[in-house]
Structure formats: C-alpha cells, structure tokens
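Colleague: Below is the structure, and that's it, no one-letter string:
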C-alpha cells in the first residue's frame, strides 16, 4: 500500500469512534495496529507527550472542529461528546 492509498490519521479518528478511543488510550499502539493509516512520527510524538486528559481534549477538539466545518448535512450527524 503506497502513501496515497492510506487514510489520514484525523480522517480515521473522525470516522471511527473505536479507533479514536484507541488513539486516546495509546497513540503508538493505535497507529501500529492500523498500517492503513497515514500518520507521521511528529503526530504520534505530539499525542504521546500529552497526559490522557489533554490527549482526549485534543482529539475531541479536532473531531468537533471537523464536524463544525462540515456544516449541516443529511441531519444524521450526532453530537461528539
């Protein structure tokens, strides 16, 4: 699988709540378990440097911001935390 075929980290985090939780619990393990994810060492280091609460806050903020920027869609979107 080449880099162009891989799913970006934040796309997967938004689309997959189980992956998002795994990313919050253990970023390196979550990335290693999903080789189809395009993630940089810098992204993992940034997440690893945070404590659990700060990591959850960062990930949840990214997800909320992405949902906010999408605007109204089909009406089937749900609140993220």
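Modeller: Cool, the structure landed. This one's a predicted model, so the numbers in the text were calculated from it and none came from an experiment.
Colleague: Quick test: name the residue nearest the centre of the protein.
Modeller: residue 13 (2.7 Å; CA atoms, centre = their mean).
Colleague: Quick one: residues contacting that one.
Modeller: Each residue near residue 13 by CB atoms under 8 Å, 6 or more residues apart in numbering is listed here: 19, 20, 23, 59, 62, 63. C-beta: built from backbone N, CA, C; applies to glycine.
Colleague: State whether the first one is indeed within a helix.
Modeller: It refers to residue 19. Yes. Per DSSP: H, G, I helix; E, B strand; the rest coil, residue 19 lies within a helix segment.
Colleague: Where does the nearest residue to it once chain neighbours are set aside sit: helix, strand or coil?
Modeller: Distance criterion CB to CB, 6 or more residues apart in numbering; nearest residue to residue 19, sequence neighbours excluded, is residue 12 at 5.3 Å. Following three-state DSSP, residue 12 is assigned to helix.
Colleague: give me the number of residues near residue 12?
Modeller: Using other CB atoms under 10 Å, residue 12 has 20 other residues around it.
Colleague: Then the one 4 residues further on?
Modeller: For residue 16, the count of nearby residues is 15 (other CB under 10 Å).
Colleague: cool, the one 5 residues further on as well?
Modeller: The burial metric for residue 21, expressed as a neighbour count using other CB under 10 Å, is 13.
Colleague: And it, what's its pLDDT?
Modeller: Model confidence at residue 21, given as pLDDT, is 97.
Colleague: ok, it to residue 14 distance?
Modeller: Here the criterion is CB to CB, to the nearest Å. By it, residue 21 lies 13 Å from residue 14.
Colleague: which helices and strands sit right next to the longest helix seen in the chain?
Modeller: In the chain, taking DSSP state H as the definition, the longest helix is helix 52-70. Helix 52-70 sits against helix 9-15, helix 17-25, helix 41-49, with contacts defined as 3 or more CB pairs under 8 Å, 6 or more residues apart in numbering; DSSP states H and E.
Colleague: Quick check: buried residues in it?
Modeller: Neighbour counts over helix 52-70 (16 or more other CB atoms under 10 Å) mark 55, 56, 59, 62, 63 as buried.
Colleague: do the same with stretch 21-41
Modeller: Taking 16+ other CB under 10 Å as the criterion, stretch 21-41 shows 22, 23, 24, 27, 30, 31, 34, 37, 38, 39 as buried.
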